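Student: fold the following and give me the result.
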Amino acid sequence: MKLLYRPEIDGLRAIAVLAVVAYHAELGGAGFVGVDVFFVISGYLITSLLLKEQAETGRIDLLAFYARRVRRIFPAAIVLVLAVLGLSAALLDGQALADVASSAGASSLFAANFHFQSVTGGYWSADSHQMPLLHLWSLAVEEQFYLVWPALLIFLPRIRVRAMLVALALASLALAEWWVHEDPNAAFYQMPARFWELAAGGLIATSPQKSLPRSASMVGVLAVLAACIVPMPTFPGIGALPGVLGAMLIVAAAHGGGTNALLRSRPMVAIGLISYSLYLWHWPLLALYRATSVGDGSRQVRLVLVAVAFVAAFASYRYIEQPFRKTRFSPRRTVVAGVVASLLLSASAFGFRPNIPPSLFPDRRCHSRSDEPAALKCEPGRAKVAVWGDSMAYAWSPEFPVSFSRDACAPLLGYVPKRGPGRETCRDFNDEAIERLRTLDAVYLSARWSASIEDPDLLPGLRRSLDALSRVRRVVIIGPTPEMADEAPRCVEQHVDCGMRRADFDAVSRRVMATLRHAAYNHPNVSILDMTDRFCDATRCPPELHGKLLYWDRDHVVSGSVAPIVDGQ
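Tutor: Numbering: from 1, shown residues only. The predicted structure follows:
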């Protein structure tokens, strides 16, 4: 079952993949929109194929459909995952290698979007840039769409397909926009929030082939380029509309038989043909470079790696994609082989995880991610001392019998973070925590104070917290700690000092400590613990001091690396 070849579609693929590669190589812009363009293309092609088969044979052969998907997607993706595991084993160790193995296991099952939603602080977080299989979240979204969409076409009469697509697309867009504000990670990673982009392409496939003005395709190109250059204030949801609408215009023009000299040019079509393999290969090379380099790395090296990715993409297209697409195995054997290969690779990847020595990370049982419910995970029981705060408090938690900590949620009553998932639940979390903390003998407060120093809610929120703890015998505010220029373990391993000058930290600390003292004024039970001398010598605040690693990343302390902070009880 084949469609009429339209070179403009490959030209659009070229724009999409070049935008994504440029963005990932840190050349600026909003090239991540290229993925949304791919979704529109996929929705159009898949729906066109299914409707053509239904019109010609009166049915949709699901087994044959999934066999085509296996031949198209699986071989190159499986080789890529195996290569990343091999490169990671050579370049990484410990927790970093274990994380790659876990992501490989999830990616092999096309569940990468669920995996990365659960383990990252978001697609744009600093840690995400070092995850070599992060980009496979989009393949997972497409595969999940392929599980749902053909079944819907089978059970709905063709006359209702268009109406259903419109309804589902609008519902998906509304969900995406709501999630953007309430749970941005879900909005980015989950198929229901991206369904409308795939459905947008499907709508064109269900439309009559009608010629559009000659300028329509070029207007679409300009819209897509603008969307890939100028970031929208929020994304995805409505923020993805410009790119999606531009892609729809190009696809609709091609669907109606229109031509576009730029998109059908030989260079654009050539890049479009290798776009899938280029998408697969470019990101792991860049991510592994970041994971093994101190600082931001070199732009020149990133550009060289992009060139290497083009070579790898051509080889993948020529020697993996094309041969497997031409195989003549029966649909049943193809699907079974694909499923077995995915399961074996997933099991092997999870089994590939190295034995990791005792972790630098504290036990997470009491700690809450920002996308989790507000309810506390632990109760104080008979404990009389606790730490309360954000992830900085979580870092200190091994020193305490119990902790109440939540990502990006400072211990400020009434506080609502300015951005990030679970913003409103932070306030609810703190309201619940304070009820437990009132009954204790000592409470320690910890947060990334330096990041909040300009926040007008810091001082009044901290005062409310201290007022609520006025009957607690002892309240200690743990002062700010230095922040490294890069991951401390990597700096120590590579013998690079990524610390900060003592004078620079003192300048930051003075401002923060002044604000903390201002909040503690008239609270005789409150003291402030200055951490400077514990983490800095006379001139530097290094990643390692007296032979002990001080941080597990850039700024979260390794509890026990300095003198205990819980004393004098």
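Student: does E424 touch Y415 like I think?
Tutor: No - taking contacts as C-beta atoms under 8 Å, E424 lies outside contact range of Y415: 10.8 Å. Where you see a C-beta, it was placed from the backbone N, CA and C, and this is true even at glycine.
Student: so these two - more neighbours on which side?
Tutor: Using other C-beta atoms under 10 Å, the more surrounded residue of E424 and Y415 is Y415, with 23 against 12.
Student: so L263 sits against R13, correct?
Tutor: No - no contact is recorded between L263 and R13 when judged using C-beta under 8 Å, the distance being 9.4 Å.
Student: domain-wise, how is the chain divided?
Tutor: For the chain, whose domains are defined here by automatic domain parsing, the residue ranges read 7-351, 367-549.
Student: make JSON lines from the ones you listed and add distance to S561 to it.
Tutor: Output for these, formatted as JSON lines (distance: least, C-beta to C-beta, whole Å):
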{"stretch": "domain 7-351", "distance to S561": "17"}
{"stretch": "domain 367-549", "distance to S561": "4"}
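Student: quick check: which of these is nearest to V562?
Tutor: Ranking these by their distance to V562 (criterion: C-beta to C-beta) puts domain 367-549 first, at 4.2 Å.
Student: which helix runs longest in this structure?
Tutor: Selection of the longest helix in the chain by residue count, based on DSSP state H, yields helix 62-91.
Student: tell me the first helix or strand C-terminal of that helix.
Tutor: Past helix 62-91, further along toward the C-terminus, the next helix or strand under DSSP states H and E is helix 94-108.
Student: buried stuff in that next one?
Tutor: The neighbour-count criterion (16 or more other C-beta atoms under 10 Å) identifies 95-108 as the buried residues of helix 94-108.
Student: name the helix or strand for V566, please.
Tutor: Remark: V566 resides in no helix or strand, with elements defined by DSSP H and E.
Student: just list the residues touching it, thanks.
Tutor: Shown here is V566, whose contacts under the criterion C-beta atoms under 8 Å, 6 or more residues apart in numbering are 385, 399-400, 442, 444.
Student: can you get me a residue count around Y319?
Tutor: The local packing of Y319 (other C-beta under 10 Å) involves 12 other residues.
Student: hmm, I was thinking of L170
Tutor: The burial metric for L170, expressed as a neighbour count using other C-beta under 10 Å, is 12.
Student: apart from its neighbours in sequence, what residue is nearest it?
Tutor: Closest residue to L170 in three dimensions, ignoring its sequence neighbours and counting by C-beta to C-beta, 6 or more residues apart in numbering: W196, at 7.3 Å.
Student: with just CA atoms, put the strand or helix carrying that neighbour into CSV.
Tutor: Element membership of W196 [criterion: DSSP H and E] is helix 191-205. This file holds the C-alpha atoms of helix 191-205, laid out as CSV (Å, rounded to 0.1, in the frame of the first residue of the first chain):
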residue,chain,number,x,y,z
MET,A,191,0.4,11.6,23.9
PRO,A,192,-3.1,13.0,24.8
ALA,A,193,-1.6,16.5,24.9
ARG,A,194,0.1,16.0,21.6
PHE,A,195,-2.7,14.2,19.9
TRP,A,196,-4.1,17.4,18.3
GLU,A,197,-0.9,17.9,16.4
LEU,A,198,-1.1,14.5,14.8
ALA,A,199,-4.8,14.9,14.3
ALA,A,200,-4.1,18.2,12.4
GLY,A,201,-2.3,16.2,9.8
GLY,A,202,-5.1,13.6,9.8
LEU,A,203,-7.6,16.3,9.1
ILE,A,204,-5.8,17.2,5.9
ALA,A,205,-5.8,13.5,4.8
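Student: tell me which residues are up against the helix or strand following it.
Tutor: Where DSSP H and E defines the elements, the next helix or strand beyond helix 191-205 is helix 215-229. Surrounding helix 215-229, the residues in contact under the criterion C-beta under 8 Å, 6+ apart are 8, 12, 15-16, 19, 23, 29-31, 33-34, 37, 242-243, 245-250, 252-254, 258-260, 262-263.
Student: mind doing that once more with 7 Å?
Tutor: Applying C-beta atoms under 7 Å, 6 or more residues apart in numbering, the external contacts of helix 215-229 come out as 8, 15, 19, 29-31, 33-34, 37, 242-243, 245-247, 249-250, 253, 258, 260, 262.
Student: ok, A96 to P132 distance?
Tutor: Shown here: A96 relative to P132, a distance of 10 Å by C-beta to C-beta, to the nearest Å.
Student: averaged pLDDT, the helix holding W196. What do you get?
Tutor: Averaged across helix 191-205, pLDDT comes to 95.
Student: show me which positions of stretch 75-90 end up buried.
Tutor: Applying a neighbour-count criterion of 16+ other C-beta under 10 Å, the buried positions in stretch 75-90 are 75-81, 83-85, 87-88.
Student: adding distance to A520 and pLDDT, write those residues out as JSON lines.
Tutor: Listed next are those as JSON lines, based on distance: C-beta to C-beta, whole Å; pLDDT from 0 to 100:
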{"residue": "P75", "distance to A520": "63", "pLDDT": "95"}
{"residue": "A76", "distance to A520": "59", "pLDDT": "96"}
{"residue": "A77", "distance to A520": "56", "pLDDT": "96"}
{"residue": "I78", "distance to A520": "58", "pLDDT": "96"}
{"residue": "V79", "distance to A520": "59", "pLDDT": "96"}
{"residue": "L80", "distance to A520": "54", "pLDDT": "97"}
{"residue": "V81", "distance to A520": "53", "pLDDT": "96"}
{"residue": "A83", "distance to A520": "55", "pLDDT": "96"}
{"residue": "V84", "distance to A520": "50", "pLDDT": "96"}
{"residue": "L85", "distance to A520": "52", "pLDDT": "94"}
{"residue": "L87", "distance to A520": "51", "pLDDT": "94"}
{"residue": "S88", "distance to A520": "47", "pLDDT": "91"}
